[in-house]
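S.K.: No sequence on hand, only this structure:
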């Protein structure tokens, strides 16, 4: 993971991207029990970001300067599959802006805050996210007020209330 962070920092240093934030299960590991994931989700902000974002500068730099392998939507950095994403709606944009500082292997990195990770999982409602949410409900490590405010802002409160009833364990 440290090699991925160093490579991402190089992308910023070379002005290929302006900023990055780790999302998905990789960010969730910082807050909770490790969970199986197939890739590292890296949300990026690029200077010319508009409605259609061209990630070819990222891929080109990594292939030319780092010798990475590209397979489908993944770039393999030292064996780690990395998927580059851009914030795609109001919730993911807000999550990007509200990212928190963390540390992996002694290296500073920004990650989505836990409550934003949860809100995105609620929004997307995939089976694997429902299990992660169930575990988070059991551990009670999240800020309920913060999560409720985020969900209310993004019209997800009713969806959460339904999910929480379904996911509650005895």
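M.R.: It's in. Bear in mind the structure is a predicted one, so any value in this text is a computation, not a measurement.

S.K.: Stretch 58-68 spans what distance, first to last residue?
M.R.: Using Cα to Cα, to the nearest Å, one end of stretch 58-68 lies 11 Å from the other.

S.K.: quick one: contacts of it?
M.R.: 7, 10, 11, 14, 16, 17, 44, 70, 75, 76, 77, 84 (Cβ atoms under 8 Å, 6 or more residues apart in numbering). Every residue, glycine included, has its C-beta placed from N, CA and C.

S.K.: unless I'm mixing things up, the third one is touching residue 17, no?
M.R.: Yes. Using Cβ atoms under 8 Å, residue 11 is in contact with residue 17, at 4.8 Å.

S.K.: Overlap in contacts, the two.
M.R.: 44, 58.

S.K.: can you list the contacts of stretch 58-68 in TSV and add pLDDT and distance to residue 99?
M.R.: What follows is the contacts of stretch 58-68, written out as TSV (pLDDT from 0 to 100; distance: Cβ to Cβ, whole Å):
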residue	pLDDT	distance to residue 99
7	94	18
10	94	19
11	93	16
14	94	21
16	92	19
17	93	14
44	94	12
70	90	26
75	93	21
76	94	24
77	92	20
84	94	16
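
S.K.: bridging residues for the residue lying closest to residue 73 once chain neighbours are set aside?
M.R.: Nearest non-adjacent residue to residue 73, counting by Cβ to Cβ, 6 or more residues apart in numbering: residue 83, 5.4 Å away. Per DSSP bridges, the residues bridged to residue 83 are residue 41.

S.K.: give the contact list for residue 83.
M.R.: Residue 83 makes contact with 39, 40, 41, 42, 73, 74, 75 under the criterion Cβ under 8 Å, 6+ apart.

S.K.: pLDDT on stretch 27-34, on average?
M.R.: Averaging pLDDT along stretch 27-34 gives 80.

S.K.: What residues sit buried inside that stretch?
M.R.: Using 16 or more other Cβ atoms under 10 Å as the burial criterion, the residues of stretch 27-34 that qualify are 27, 28, 29, 30, 31, 32.

S.K.: can you check stretch 134-147 too?
M.R.: Buried-residue list, stretch 134-147, by 16+ other Cβ under 10 Å: 134, 136, 137, 142, 146, 147.

S.K.: And stretch 82-100, by the same measure?
M.R.: Applying 16+ other Cβ under 10 Å to stretch 82-100 flags 82, 83, 84, 85, 86, 87, 91, 92, 95, 96, 99 as buried.
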